[in-house]
Structure formats: C-alpha cells, structure tokens
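In: this one's sequence-less:
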C-alpha cells in the first residue's frame, strides 16, 4: 500500500501516506518496508531528510538480508552520511548485496577494488564486478568497464570491446561514456575515424554538463 501511494498507482501520489504505511509495516519487522522507509528518510520524501534515521531503517532491513538496504547502507558508510565514513564497513555491505545480484552494489564494489578503497587495489576483481553489473544494464558499470578495456586494466587492452561498452552506456544517457565514445570516434580507436559522430556524442555529454566533452 505504501508503494502504491509512493508511485501514485491507483491513487494520487502521496509520499506522506506512503511513509505512514511503510512505518506500520516496518515496525512489524517487514524488511522491504524498513528498506523503503529508510529511502524516504534518505531522500526527504514525505518526511524531513534525516541520515541517522535512514541509517537505522537500512540497517534493520540489511541485517534481514534485504539487498537494496545492504547497498544503501554501504553507501551511507562509503559517503559518511549519518555515520563516520568507513570503507571497510561499506565494502562488507556492498559485498553482501553484490552476491545477491544487486547491480548497484556490484558497481560500487568494482569502484572500491578499482581505487583500492578498503581493500588492496585489484583491477581484475574490479573488472569482474563491473562486468556483472554491466551485464544487468548498469550504465555506470558499462562506462567503467569500457574504460578498463581502453586502458588494459585487469583485461587485455581492446578498443573494440571498450567501444561496445561505451556505446551501451552512452545510449543509456551516461555522460562520461558519451564523452569517451566521442574520443573513440575522433581518434578512430576501435572504429573508423568519424568527426561527425564524435561531435554527436560530445554534444550529448556536453549538454549534461560534462566538462571534458
């Protein structure tokens, strides 16, 4: 019922009423409702934005194995929202969610391995997690996987495969991938050199505020 009010399905959209129903379910220990209630506090929807309260509900749901809550809880620790920044704890929650197939968690785990945050830097493991998220259609992961192939980090350098992942991400509206795809066309990397197509992708990225584009 909370979700119907949040999404405006069959009723006018009403975040306050959504919060009311989420809370009733969450207080009975229902993990999805706890996760959703955390999201409402996290984003200030129907309630005042409150990172500590968001954290409380995410944690309750995450401990019950809710993958979305685990991802969001990891994000709170990664960014230091409502709690001290802690990469190792972020990594723990991302890993639990990633193993359940959560694409955002897989992407975040890839970022942490790529940058060596809370774990020794490991490009091969970063590629593994980026690929799992990319294959689920996560545009950020597709963009990062393209970059790994372009640079030959954790995989053999391969412009054609880089181009494939950049294109998938760019078509989903990822500005960084659009800019990088423009570079590939401008330089003729993995594709015949084509300034007009380069301009097309640069323009799309530039209109989203990408400075390098």
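Out: Sure thing, it's come through. Keep in mind it's a predicted model, so treat the numbers as computed, not measured.

In: Test for you: state the pLDDT assigned to residue 41.
Out: Note on residue 41: pLDDT of 98.

In: Remind me which helix or strand it belongs to.
Out: Take DSSP states H and E as the rule and residue 41 turns out to sit in helix 31-43.

In: tilt between the helix or strand following that helix and helix 31-43?
Out: Scanning forward in sequence from helix 31-43 by DSSP H and E, the next helix or strand is helix 51-63. Angle, helix 51-63 to helix 31-43, by axes from the mean of the first three to the mean of the last three CA atoms, to 10 degrees: 160 degrees.

In: picking that back up, and the helix holding residue 41, what does it pack against?
Out: On a contact count with 3 or more CB pairs under 8 Å, 6 or more residues apart in numbering; DSSP states H and E, helix 31-43 meets helix 2-7, helix 15-26, helix 51-63, helix 67-79. Yep, even glycine has a C-beta here, placed from its N, CA and C like the rest.

In: what's the most buried one of those?
Out: Highest mean neighbour count among these (mean count of other CB atoms under 10 Å): helix 67-79, with a mean of 24.

In: Other residues contacting that one?
Out: For helix 67-79, contacts defined as CB atoms under 8 Å, 6 or more residues apart in numbering pick out 31, 34-35, 38-39, 42, 51, 54-55, 57-62, 81-83, 85-87, 89-94, 96-97, 100-102, 104-105, 108, 112, 117.

In: change it to 6 Å
Out: 35, 55, 58-59, 61-62, 82-83, 86, 89-90, 93-94, 96-97, 100, 102, 104-105 (CB atoms under 6 Å, 6 or more residues apart in numbering).

In: swap in stretch 185-196?
Out: With CB under 6 Å, 6+ apart as the contact definition, stretch 185-196 has outside contacts at 159, 160, 163, 184, 197, 198.

In: List the residues that contact the third one.
Out: Residues in contact with residue 163, defined by CB under 6 Å, 6+ apart, are 184, 190, 191.

In: Residue 205: neighbour count?
Out: 23 (other CB atoms under 10 Å).

In: just the one 3 residues further on next, same as before
Out: Summarising burial for residue 208: neighbours were counted as other CB under 10 Å, giving 14.

In: how close does the residue lying closest to it once chain neighbours are set aside get to residue 201?
Out: Distances taken as CB to CB, 6 or more residues apart in numbering place residue 175 nearest to residue 208, at 4.0 Å, with adjacent residues excluded. As judged by CB to CB, to the nearest Å, residue 175 and residue 201 stand 10 Å apart.

In: Nothing else from me, thank you.
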